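Enquirer: I would like the atomic coordinates for the input below:
(2 chains)
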Amino acid sequence: MKNVSVLIGGKAGDGINSAGALVAQLLNHIGYNIYLYFDYPSLIRGGHNFAIIRGSEQSIGTCWKTLDFLLALNRETLEQHRDNCSSDTAIIFNADLVKSAGQGIPVKEILTDEHAPAIMGNSAIIGGFAKAAGIEWDVVEGVFKSYIPKGVELNLKVAKRAYNQLETVHPVSKGSRSPCPLLTGNEAIGLGMVNGGLDVYVSYPMTPSSSLLHFLAEQKEKFGIMVVHPENEIAVILMALGLAYTGKRSAVGTSGGGFCLMTEGLSLAGMAELPLTLVVSQRTGPSTGLPTYTGQSDLHFVLHAGQGEYPRLIVAPGDAVEALYWSAVAMNMAWKFQVPAFILSDKTLSEGTYSVDPAAVSDVRGADSPRWAGTAPYFRYADVPSGVSPLAFPGTKDAVIKVNSYAHDEAGITIEDAHTVGQMTEKRLRKGELLTEEMRGYTGVNVSGMHDASTALFCWGSTKGVCNEIAALLGLRVVQPVVLSPFPTEQLKKAIAGVRSLISVEENATAQLAALAERHGIIADEKILRYDGRPFLPDDLLVKVKEMMI
Amino acid sequence: MTGRQIITDAQNTWCPGCGNFSIQHTLKNILTEREEAGKSLDDVVLVSGIGCHAKIADYLNINSFYSIHGRTIPVATAIKLGNPRLTVICCSGDGDSYAEGLDHLIFAAKRNIDITVIIHDNRVYGLTTGQYTPTSPLGFKGKSTPSGTAEYPFNPVELMLASGASYVARGYTKNMNLLHNLISEGIAHRGFAFIDVLQICATFFPAADYYTPRVYELSDHDRTNFESACKKAREWDYNSDSPIALGTFFQRSLPCFDDTMTVHGIEPKDRQQAVRDLLLTRS
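Expert: Below you'll find the predicted structure:
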């Protein structure tokens, strides 16, 4: 299998993320599938930022430790990533700031000669990299023209200088894949929701969900959506519910801390039976934790958040393709059953970049609640057998539409009598049963790797990528539930049939998926956990899984 | 719907003498007038929080969103954003919008969202049986402050002026003619309308004997003049003994949030095309 791995590092403010994106496009355009991991501390200037861009002929979602190329914009990059280098690693560096073996680029001199601003220094490094990797100049020119918004010609001149100066030391052969769209997990979630009929996105900035807010705000005219950034997450969720009341498909996005503030609104959604889609992108907790690092420790929080009992959907996509698909499904299910639907992501998925086959933008089955037939009086909470009352929205002739956070009768008027309270509780729970039934029609558990292997890696969310890679090497099965509520017990039992050793691989300290599965009678035999904010490295996971297999 | 029965059959549980009856009656009259003027009540939405005031959502037979404590305003804001053709009236309490949800009140004024906020300001928590609120006078002895509060009230009228509200008024439940005018004006005002209503709580803060001799209606007051609005607003600080002005302190015309935020939705098929087009720009 052809593989190539490139790290570009510098200090915060050096534009590492956009430089990384250009490197990713170069590899995309020579025929590779891409995964980009971006690592940055929670600050604006200074600090060490790096992006690892990996190209592979297979679909990927993780990066190995050893690099083929190290692009160092500063000395710290070299110092921090010495361990990632082998004797074959080609090191390319800014010769003004770094002394090293490898090929240096006189960035300052090039910029001065070309009368280019300092910000174009990265183009010199990328040009140098392209030459070192033997990437044809045409490819560089094409990628720059497509992805550099301003001053393309000058950037190209700067890149060309470095391209001409360096030697091809580590030729990267062309892959077989035609270039395809590169999307971050958050962008994929946004596009999925738009496909699912999103009308309004409401969000307060919080890493790692903020880039979804930025993306949708930037594209709102194109998609015909409204994007609102209110005073706090409490307002965010209440606004989303007010919008749903008027018939607008709304979604909110946040991370754990912001979701804490949303729980009273979540419970209101449950009681008032207002459709709502929630994107919760996990980072390292508890509390402020590590704002810009990953984690999978909010599964049980999302599962149980909000007082009272009411059904909810939780999906946890494992990569951008899944995010695109499941985000549309989540929005449709929210409206079909008038329940909260969660898209549970994490920093690795939200801010990682993946190759997305355009064919993956399948038409998702549009789904909705029945509409009121128009015979007054209207009962917002009509106790129909399905539990899903027909909807009408304010402004509808002759409909008095009353939604209520209190226990209420079919008309939405507050009640306290025991009979009606019980009746309406059962009505809400019937929607849950119907949702469970509906989700049986979806592939809620992905199985990959060796389907008949007796050892299976049991994972959810972005760890799918690293598990797939290890499973391919060791001949294991990977079992990845995407739907986490209602829990797909039957599908999961089928998926682990014949498994003698089920190893849960999770980025939390208490094996939350394993605990959830155990409640449904499925026991994980072993647990491999990481909870330091960093995603599993395949190198480390390989060693740990091997130990367990002895 | 025409000739609608405006009061529902829900059993009314306000105490005898509660000022909420005056507010409900005023709204009922305003809704009746609206209907008589040929405007449909189907386009009116009432949003309430939690507290004695909020029961009005059960009692008025119009579209309503009986929300949670302190959160009336974000819901009302979003309903207006979701469908700008709707008339959105937001009934809220002083505990609701001055304590639990103060942030939302300030932001709604700042945004100039076209909703009408009526604060049932009885200056006490009624439904939770008598604790102080942000507008209770210094030294108020409530169940959570048996030896008297140690904090001054704030002045909501002054606060709303400072926050950029484009219509600011104060009413009193024992002056129903004026209350009718203020709420009607508030609804007609294009932008954020705020009406603090001194509401009698018959059980926990029966302040009529205090208010009635002190209140007076603003006259010879230029409501377009911000400085004189501030001056009038500061005359009574909800604590010291002074005349209490009722009426419209301030009104001005400003762009509305719901206008600025308006988007042109696109057809589902165009949306899918837009998604595909976006993907093309990334490959």
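Enquirer: can I assume A:Lys347 is in contact with A:Pro291?
Expert: No. If you go by CB atoms under 8 Å, A:Lys347 and A:Pro291 don't touch, sitting 9.1 Å apart. For glycine as for every other residue, the C-beta is placed from the backbone atoms N, C-alpha and C.
Enquirer: of the two, who's got more company?
Expert: When neighbours are counted by other CB atoms under 10 Å in any protein chain shown, A:Lys347 and A:Pro291 differ, and A:Lys347 comes out ahead with 31 against 18.
Enquirer: quick check: the more buried one vs A:Glu410, distance?
Expert: As judged by CB to CB, to the nearest Å, A:Lys347 and A:Glu410 stand 44 Å apart.
Enquirer: now swap in B:Cys90 and tell me
Expert: For B:Cys90, the distance to A:Glu410 (CB to CB) stands at 25 Å.
Enquirer: next: B:Arg4.
Expert: The value you get for B:Arg4 to A:Glu410, if CB to CB is used, is 19 Å.
Enquirer: and residue 182, how many residues sit next to it?
Expert: Going with chain A. A:Leu182 has 24 nearby residues by other CB under 10 Å.
Enquirer: sorry, should have said chain B
Expert: By other CB under 10 Å, 26 other residues sit near B:Leu182.
Enquirer: repeat for the one 3 residues further on
Expert: When neighbours are defined as other CB under 10 Å, B:Glu185 has 18 of them.
Enquirer: and for the one 5 residues further on?
Expert: The local packing count at B:Arg190 equals 15, with neighbours defined by other CB under 10 Å.
Enquirer: repeat that for B:Gly70.
Expert: 26.
Enquirer: what's whatever residue of the stretch 151-283 of chain B ends up closest to chain A in contact with, if anything?
Expert: Nearest residue of the stretch 151-283 of chain B to chain A: B:Ile266, at 3.5 Å (CB to the nearest CB). Neighbouring residues of B:Ile266 by CB atoms under 8 Å, 6 or more residues apart in numbering or on different chains: A:Phe223, A:Gly224, B:Ala274.
Enquirer: tell me which of B:Arg4 and A:Glu410 has more neighbours.
Expert: Neighbours were counted for B:Arg4 and for A:Glu410 using other CB under 10 Å; A:Glu410 has more, 19 against 16.
Enquirer: average pLDDT for stretch A:296-314?
Expert: Mean per-residue pLDDT for stretch A:296-314: 98.
Enquirer: distance between the ends of it?
Expert: Terminal residues of stretch A:296-314 are spaced 14 Å apart (CA to CA, to the nearest Å).
Enquirer: chain center to it: distance?
Expert: A distance of 19 Å separates the C-alpha centroid of stretch A:296-314 from that of its chain, computed with CA atoms, centre = their mean, to the nearest Å.
Enquirer: can you show me the helices along the stretch 401-550 of chain A?
Expert: All helices of the stretch 401-550 of chain A, identified by DSSP state H, counting those that start in this stretch, fall at A:418-439, A:463-474, A:489-495, A:512-519, A:538-549.
Enquirer: and the angle for the second one with helix A:538-549?
Expert: Here helix A:463-474 points in a direction 60 degrees away from that of helix A:538-549 (axes from the mean of the first three to the mean of the last three CA atoms, to 10 degrees).
Enquirer: give the buried residues for helix A:463-474.
Expert: For helix A:463-474, the neighbour count (16 or more other CB atoms under 10 Å in any protein chain shown) marks A:Thr463, A:Lys464, A:Gly465, A:Val466, A:Cys467, A:Asn468, A:Glu469, A:Ile470, A:Ala471, A:Leu474 as buried.
Enquirer: got the phi and psi for A:Tyr35?
Expert: Per-residue torsions, A:Tyr35: phi -140, psi 130 (degrees, to the nearest 10).
Enquirer: element containing residue 129?
Expert: Since no chain was named, I'll use chain A. A:Phe129 belongs to helix A:121-132 when elements are defined using DSSP states H and E.
Enquirer: think we crossed wires, I meant chain B
Expert: Counting by DSSP H and E, B:Thr129 is part of no helix or strand.
Enquirer: run a quick neighbour tally on it.
Expert: 11.
Enquirer: check the one 4 residues further on too.
Expert: Neighbour count of B:Thr133, defined by other CB under 10 Å: 23.
Enquirer: B:Arg123 is in contact with that one, correct?
Expert: Yes. Checked against CB under 8 Å, the pair B:Thr133 and B:Arg123 is within contact range at 5.8 Å.
Enquirer: common neighbours of these two, please.
Expert: With CB under 8 Å, 6+ apart, B:Thr133 and B:Arg123 have common neighbours B:Asp94.
Enquirer: now do the strands in the stretch 1-150 of chain B.
Expert: Secondary structure of the stretch 1-150 of chain B (DSSP state E, counting those that start in this stretch): strands at B:44-48, B:63-66, B:87-93, B:116-121.
Enquirer: chain A is nearest to which of those strands?
Expert: Chain A sits nearest to strand B:63-66 of all those, at 4.1 Å, using CB to the nearest CB.
Enquirer: now that closest one: average pLDDT?
Expert: On average, the pLDDT along strand B:63-66 is 98.
Enquirer: one more: stretch A:21-28?
Expert: Mean predicted confidence for stretch A:21-28 is 98.
Enquirer: residues contacting it, please?
Expert: By CB under 8 Å, 6+ apart, stretch A:21-28 touches A:4, A:6, A:8, A:34, A:36, A:51, A:53, A:55, A:71, A:122, A:126, A:129-130, A:133, A:135, A:139-140, A:143-144, A:146-148, A:172, A:179-180, A:182, A:353, A:355, B:283.
Enquirer: out of these, which are buried?
Expert: Buried members of the contacts of stretch A:21-28, scored by 16+ other CB under 10 Å, are A:4, A:6, A:8, A:34, A:36, A:51, A:53, A:55, A:71, A:122, A:126, A:129-130, A:133, A:135, A:139-140, A:143-144, A:147-148, A:172, A:179-180, A:182, A:353, A:355, B:283.
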